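*Asks:* I would like to see how this sequence folds:
(one chain, ligands or ions: 2)
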Amino acid sequence: MAEKTVYIETYGCQMNFADSEVVGSILGNAGYTVSDTIGEADFVLINTCAIRDNAEQRIRKRVRELKASQSRRPQLRIGILGCMAERLQSQLMVEEENVSFVVGPDSYRKLPEILQQVAKGRKMAETELSTTETYADIEPVRMGGNGISAYISIMRGCQNYCAYCVVPYTRGRERSRDPETIVAEAKALYHNGYKEVTLLGQNVNSYNFNGVGFPELMAMVAEVSPRMRVRFATSHPKDLSDSLLQTMAAHDNICRCVHLPVQSGSNRMLKLMNRHYTAEWYLDRIDAIKRYVPDCSITTDVIAGFCTETEEDHQATLEMFRRVRYDYAYMFKFSMRPDTYAAKHLQDDIPDEIKTRRLEEIIALQGQIALENNRLEIGKEYEVLVEGPSHRSDAQYFGRNSQNKVLVFDRHDVQPGQYVKVRVTDCTAATLKGELIQ
Ligand code: 5AD
Ligand code: SF4
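*Replies:* Ligands and ions are numbered 1, 2, ... in the order given. Below is the predicted model of the structure:
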C-alpha cells in the first residue's frame with residue numbers, strides 16, 4: 001500500500017503548536033508522510049482551540065470549507081484534535097458530518113490505529129483524559145518553524161479553575177514532564193542549530209517533577225549553552241516566585257520577558273474569576289520582577305466584560321495598565337464557555353456593545369503605552385537573534401531582543417540564526433527599527 005499523507009492545521013495557543021509537532025512525530029514514526037500542504041493529503045487533522053466561542057466558530061467554518069476538497073478527493077478524511085475535540089467529543093461528528101474522527105489532547109498515541117480504522121470508513125472518537133501522559137519520550141518533528149526557535153512542552157493540563165476558563169476541562173489535570181527528557185530535548189535542538197527554546201505549560205510556575213521545581217528546571221535548560229536563549233510561558237501571578245526571578249537574574253540567556261496574565265485590575269473581579277490574588281499582590285510581583293531583573297519586559301492577558309463587571313471594575317483594569325505599563329497585551333472580550341464555573345453559576349450580563357467599548361478603551365490605552373515604551377528604547381543597543389527577512393521588505397531582516405521585542409534593520413551580511421548588535425533608531429507601537437553596529 002502506498003504511503004498515506006497527513007496534513008495538520010493548527011489553531012490556538014503555543015501549546016497546540018507544540019502538540020501538533022508531537023502528532024507529526026507519532027504519525028511519521030508510523031509510516032505516514034506529514035505534508036506541509038493539503039494538496040495530496042489523505043487525512044486533514046485540525047488541532048483546535050476552545051478558549052472563546054469565536055475560535056470555535058472559525059474552526060467550524062474551516063471544516064465546512066473542506067467539503068469542497070472532499071468532493072474532489074473522496075478518500076480525504078477530516079479529523080478534529082485538541083481542545084474542541086475534548087469539549088464536544090463525538091457530538092462534533094454529528095454536528096459536522098464531514099468529520100470522521102475526534103481525538104482529545106491525551107490520545108494522540110492512538111492516532112495511527114485511529115487513521116487505519118477511519119480509512120476503512122469507520123468513525124472514531126477518543127477523548128479520554130490522562131493524569132500521566134506527557135509525551136515525554138516523543139521527539140517532536142519541527143514543522144513550519146524557522147530552524148532557530150522551538151517550543152518544548154514541559155507540563156500539561158491545568159487545575160486552577162479560573163471561573164471563565166475551559167482549559168481544565170479540555171486538557172485535564174496538571175502533570176509535569178521528566179526534566180531529564182526536557183534537557184535532552186533542549187540539547188538535541190542546540191546541536192541541530194537551534195538558538196532559542198520556549199518552555200511551555202499552562203502554568204509553568206507549578207512545574208514539579210519529583211521535587212525538581214520550575215526555577216531548577218530553568219537553570220538546567222539555561223546551562224545547556226550560554227548561546228541558547230530560554231523563554232517560558234505562561235506564569236500565573238499567584239505562583240511567580242522570587243526564586244524564579246533570582247534564577248533569571250543569574251542566567252543572561254534566560255530572556256528578559258515575563259508574561260503575567262492579569263485578567264482584571266479589580267479585586268472584586270479577580271475574586272469572582274477565582275484568580276487567587278489581588279491587584280496589590282499582582283503589583284508586588286511586578287515590583288519583584290523589576291527589582292531582580294530590571295531590564296525585563298512585561299506582557300499580559302486581560303478580559304473585558306466578565307460577568308457583573310461594572311464601570312468601576314473596568315476603570316481599575318485601565319488603572320492597572322497605567323501602573324504596570326505593559327510592553328504588550330493580549331486583550332479579549334469575555335466569552336461564556338460551557339462547563340465553566342461562570343456558565344454554571346453566573347450570568348453573561350454585560351451587553352456586547354459595552355464589552356466592545358471597554359475592550360476598545362483598553363486597546364487604545366495599551367497602544368499608547370506600547371508606543372511610549374518603545375520611544376524610550378531609541379538610542380539603546382541590543383543583542384538581536386536574527387530570524388529572517390522582514391515581512392515588509394527583502395532588503396531588511398528582523399529579529400528579537402531578549403525582551404522579545406521585534407527589531408527591523410537593514411540586511412547587510414548577516415544570516416538567520418546569528419546574534420547581532422542593533423542600535424534602536426526609530427519605532428512604532430509594535431516594532432523597533434534599528435541599525436547594525438559592530
Ligand atoms: N473569554 C475571553 N477570554 C478568555 N481567556 C480565557 N478564557 C476566556 C474566555 N472565556 C483568555 C485569558 C487567558 C487567555 C489565554 O485567554 O486572558 O489568559
Ligand atoms: Fe485554546 Fe486553551 Fe486549548 Fe490552548 S489550551 S488550544 S488556548 S483552549
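*Asks:* need the contact list for His251.
*Replies:* Neighbour list for His251: Met218, Ala219, Ala222, Glu223, Val230 [criterion: CB atoms under 8 Å, 6 or more residues apart in numbering]. Backbone N, C-alpha and C define where each C-beta goes, glycine included.
*Asks:* Let me have the residues you listed in CSV, adding neighbour count and pLDDT as columns.
*Replies:* CSV is the format used below for the contacts of His251 (neighbours: other CB atoms under 10 Å; pLDDT from 0 to 100):
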residue, neighbour count, pLDDT
Met218, 23, 98
Ala219, 17, 98
Ala222, 22, 98
Glu223, 14, 98
Val230, 24, 98
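*Asks:* Redo those residues as TSV? Include distance to Gln202 and secondary structure.
*Replies:* Putting those into TSV (distance: CB to CB, whole Å; DSSP: H, G, I helix; E, B strand; the rest coil) gives the following:
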residue	distance to Gln202	secondary structure
Met218	17	helix
Ala219	22	helix
Ala222	22	helix
Glu223	25	coil
Val230	18	strand
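*Asks:* Where does the residue of the stretch 51-200 of the chain found nearest ligand 2 sit, in terms of helix or strand?
*Replies:* Nearest residue of the stretch 51-200 of the chain to ligand 2 (CB to the nearest ligand atom) works out as Cys83 at 3.3 Å. Using DSSP states H and E, Cys83 sits in helix 82-88.
*Asks:* is the residue in the stretch 251-400 of the chain that ligand 1 sits nearest to in a bridge, and if so with what?
*Replies:* Ligand 1 sits closest to Asp301 of the stretch 251-400 of the chain, with a gap of 3.3 Å, by CB to the nearest ligand atom. Counting by DSSP bridges, Asp301 is bridged to Tyr330.
*Asks:* interface residues of the stretch 51-200 of the chain facing ligand 2?
*Replies:* Residues of the stretch 51-200 of the chain lying close to ligand 2 (CB under 6 Å from any ligand atom) are Ile51, Gly82, Cys83, Val166, Val167, Thr170, Arg171.
*Asks:* if I pick the fifth one, what's in contact with it?
*Replies:* Taking CB under 8 Å, 6+ apart as the criterion, Val167 is in contact with Ile51, Cys83, Cys158, Gln202.
*Asks:* the strands in the stretch 1-150 of the chain, which residues?
*Replies:* For the stretch 1-150 of the chain, the strands defined by DSSP state E, counting those that start in this stretch cover 5-10, 33-35, 43-48, 77-81, 99-103, 124-126, 149-153.
*Asks:* With distance to Leu283, mean neighbour count and mean pLDDT added, can I get these in JSON lines?
*Replies:* Output for the strands of the stretch 1-150 of the chain, formatted as JSON lines (distance: least, CB to CB, whole Å; neighbours: other CB atoms under 10 Å; pLDDT from 0 to 100):
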{"stretch": "strand 5-10", "distance to Leu283": "35", "mean neighbour count": "21", "mean pLDDT": "98"}
{"stretch": "strand 33-35", "distance to Leu283": "46", "mean neighbour count": "16", "mean pLDDT": "96"}
{"stretch": "strand 43-48", "distance to Leu283": "36", "mean neighbour count": "25", "mean pLDDT": "98"}
{"stretch": "strand 77-81", "distance to Leu283": "39", "mean neighbour count": "25", "mean pLDDT": "98"}
{"stretch": "strand 99-103", "distance to Leu283": "42", "mean neighbour count": "25", "mean pLDDT": "98"}
{"stretch": "strand 124-126", "distance to Leu283": "45", "mean neighbour count": "20", "mean pLDDT": "98"}
{"stretch": "strand 149-153", "distance to Leu283": "30", "mean neighbour count": "22", "mean pLDDT": "97"}
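*Asks:* returning to that earlier point: wait, the residue of the stretch 251-400 of the chain closest to ligand 1 touches Met273, no?
*Replies:* No: between Asp301 and Met273 there is no contact under CB atoms under 8 Å: 11.8 Å.
*Asks:* So for the two, which sits in the more crowded spot?
*Replies:* Neighbour totals were compared for Asp301 and Met273, and Met273 leads with 21 against 14 (other CB atoms under 10 Å).
*Asks:* So the nearest residue to Phe232 once chain neighbours are set aside versus Val221, what's the distance?
*Replies:* Nearest-residue entry for Phe232: Leu199, 4.4 Å, with adjacent residues in sequence omitted and distances by CB to CB, 6 or more residues apart in numbering. For Leu199, the distance to Val221 (CB to CB, to the nearest Å) stands at 7 Å.
*Asks:* Can you work out which residues contact both of these two?
*Replies:* Counting by CB under 8 Å, 6+ apart, the shared contacts of Leu199 and Val221 are Ile152, Ile182, Val230.
*Asks:* low-scoring pLDDT stretches of the chain, where are they?
*Replies:* For the chain, residues meeting the criterion pLDDT under 70 lie at 1-2.
*Asks:* related to what we said a few turns ago, reformat the contacts of Val167 as TSV; add neighbour count.
*Replies:* TSV is the format used below for these (neighbours: other CB atoms under 10 Å):
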residue	neighbour count
Ile51	20
Cys83	29
Cys158	22
Gln202	21
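*Asks:* What about ligand 1: which of these touch it?
*Replies:* Ile51.
*Asks:* Let me know the closest of the contacts of Val167 to ligand 1.
*Replies:* Checking these against ligand 1 with CB to the nearest ligand atom, the nearest one is Ile51 at 5.0 Å.
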